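# The amino acid sequence is not available; the structure is as follows:
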């Protein structure tokens, strides 16, 4: 068994600098010649995209609410099998979970038995970090805090106070990063395209240079070198592999878990298309519209009448469609921008979506469809109205098992919801496909139907 560096970047609180430190380390490792696989704890879509900008490899989500522990192990091992280092970016504070510390960065570290690098914002503190570090070190004895990186340190003498705190608590300090005015990650709702995200490459390079100057990267890698992960699952279920699946992918629609795409891929051929640029949908058995930022491209979407007509025709003629969040909004009759101006959409559903009077809806969701259970995450600023006549199926619950108003919309063979569903195993994906009349289990005869 070979050994490679593996670690989790965590922090006591949000806004401590986890993302900027993670991106700087990813770039520093790339500069050193490491092929590094990034991961992200939790359901966030944005940070994994920044991971790709930093090191050339997209981050993969690890989420204990949506994924089983076996799935966590399998995902971790399979996506890192040909890599030379692994860096996981945590979420929120180290112990912050859906319920207490359930599903937190700490919980993921215990499942994978990985060391934690704690990023501490030291802008307004010196030796007083000692009790904070002591608490994080001793709160859960199963957690291995391998060391600390201090962020936004003013001077070398400031760092000496911080290092003395680490020495007295018994936690190694790997170094610090000074305050760098230009190194800031934007808000989660800016609608950044891949090209716009590339504009952050210089910032990431600046952070990598700073890290190499004042952080002992060699010691960090040495302290966090572990046996390469290996995990195999056995499944007795065999699935057909003959579907053609059309996946919307462009600047407006690009929020999809990597594992979802892998699950689709396991069932056949993927055909990508653009609701913004293309005039027709491909000839497929199923269309998948992931989330994204359609609200930033309303004029262009509305102007593409041939594409919208093709989607409506596909739905009316029994075509199977799965749509999430922004994809669901696209299937409605209209989207209103923040000023209340309406833009025509596909009209598969009669409801309308609005960006006016934006209010955040956020949280983990459990979807109950008969005996089937799906997990997902809801994050949007828009709202849906005039949906009273639209059929809803199943029940939706919060992470604390309280029923919520979020709907799973259904018309003919179209399934749509605000929830970003985790369909990252073929078993999970097959539940939704079965709802739409596609049985992908090999030993059960079924008809896929004519492609459109």
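Alright, I've got the coordinates. Since the structure is predicted, the reported quantities are computational estimates derived from the model, not experimental observations. Numbers count the residues shown, from 1 in each chain.
# Residue 102 contacts residue 95, doesn't it?
No - using C-beta atoms under 8 Å, residue 102 makes no contact with residue 95, being 10.0 Å away. In this view, the C-beta of every residue, glycine as well, is placed from N, C-alpha and C.
# Looking at the two, which one has more neighbours?
Ranked by neighbour count (other C-beta atoms under 10 Å), residue 102 and residue 95 place residue 95 first, with 18 against 13.
# residues in contact with the closest residue to the more buried one other than its chain neighbours?
Counting by C-beta to C-beta, 6 or more residues apart in numbering, residue 95 lies nearest to residue 101, which is 4.4 Å off, once chain neighbours are set aside. Listed by C-beta atoms under 8 Å, 6 or more residues apart in numbering, the contact set of residue 101 reads 95, 107, 140.
# Could you look up the SS state of the second one?
Going by DSSP: H, G, I helix; E, B strand; the rest coil, the secondary structure assigned to residue 107 is helix.
# From residue 267, how far out is it?
Residue 107 sits 31 Å away from residue 267, going by C-beta to C-beta, to the nearest Å.
# State whether residue 147 is indeed within a helix.
No - the assignment for residue 147, made by three-state DSSP, is strand rather than a helix.
# How confident is the prediction for the closest residue to it other than its chain neighbours, by pLDDT?
In this structure, residue 147 finds its nearest non-sequential neighbour in residue 172, 4.0 Å apart by C-beta to C-beta, 6+ apart. Per-residue pLDDT puts residue 172 at 98.
# Which residues belonging to stretch 359-374 are considered buried?
Neighbour-count burial for stretch 359-374 flags 363-367, 369, 374 (criterion: 16 or more other C-beta atoms under 10 Å).
# Pick out the lowest-pLDDT one from the residues you listed.
Among the buried residues of stretch 359-374, residue 369 has the weakest pLDDT, 87.
# Listing request: residues of this structure with sub-threshold pLDDT.
Residues of the chain meeting the criterion pLDDT under 70: 1, 186-195, 233-236, 443-452.
# those helices in it, which residues are they?
18-31, 46-55, 69-79, 105-112, 129-138, 156-169, 194-198, 201-214, 217-223, 258-266, 298-303, 305-316, 326-331, 426-435 (DSSP state H).
# With distance to residue 183 and mean neighbour count as new columns, can those helices be given to me in TSV?
Formatted as TSV, these follow (distance: least, C-beta to C-beta, whole Å; neighbours: other C-beta atoms under 10 Å):
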stretch	distance to residue 183	mean neighbour count
helix 18-31	5	25
helix 46-55	12	22
helix 69-79	27	18
helix 105-112	22	23
helix 129-138	21	17
helix 156-169	18	16
helix 194-198	15	12
helix 201-214	5	18
helix 217-223	17	16
helix 258-266	26	19
helix 298-303	33	16
helix 305-316	40	18
helix 326-331	29	27
helix 426-435	38	20
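# Save these as TSV, and put in distance to residue 286 too.
Supplementary listing: the helices of the chain in TSV, determined by distance: least, C-beta to C-beta, whole Å:
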stretch	distance to residue 286
helix 18-31	35
helix 46-55	24
helix 69-79	22
helix 105-112	32
helix 129-138	46
helix 156-169	54
helix 194-198	25
helix 201-214	36
helix 217-223	44
helix 258-266	8
helix 298-303	21
helix 305-316	10
helix 326-331	13
helix 426-435	7
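# quick one: which of these is nearest residue 337?
Nearest to residue 337, of all the helices of the chain, is helix 298-303, at 5.8 Å by C-beta to C-beta.
# who's in contact with the closest one?
With C-beta under 8 Å, 6+ apart, helix 298-303 has contacts from 252, 275-276, 294, 308, 330, 335, 337, 343-345.
# Looking at the residues you listed, which are in strands?
335, 343-344 (DSSP state E).
# dump the residue contacts of the residue located most distally from the centre of the chain.
Distance from the C-alpha centroid of the chain, by C-alpha atoms, centre = their mean, peaks at residue 157 (38.8 Å). Shown in contact with residue 157 (C-beta under 8 Å, 6+ apart): no residues.
# go on, residue 57?
If you count contacts by C-beta under 8 Å, 6+ apart, residue 57 has them with 35-38, 51, 83.
# do that again at 7 Å, thanks
If you count contacts by C-beta atoms under 7 Å, 6 or more residues apart in numbering, residue 57 has them with 36-38, 51.
# ranking those by neighbours, who comes first?
Top of the contacts of residue 57 by neighbour count (other C-beta under 10 Å): residue 38, with 30 neighbours.
# how close does that residue sit to residue 198?
Using C-beta to C-beta, one gets 17 Å for the distance from residue 38 to residue 198.
# Between the two ends of stretch 281-291, how far is it?
18 Å (C-alpha to C-alpha, to the nearest Å).
# Ignore what I typed, I meant stretch 60-77.
Stretch 60-77 has an end-to-end distance of 12 Å (criterion: C-alpha to C-alpha).
# ditto for stretch 213-232
Using C-alpha to C-alpha, the end-to-end distance of stretch 213-232 comes to 40 Å.
# ditto for stretch 370-389
Using C-alpha to C-alpha, first and last residues of stretch 370-389 are 22 Å apart.
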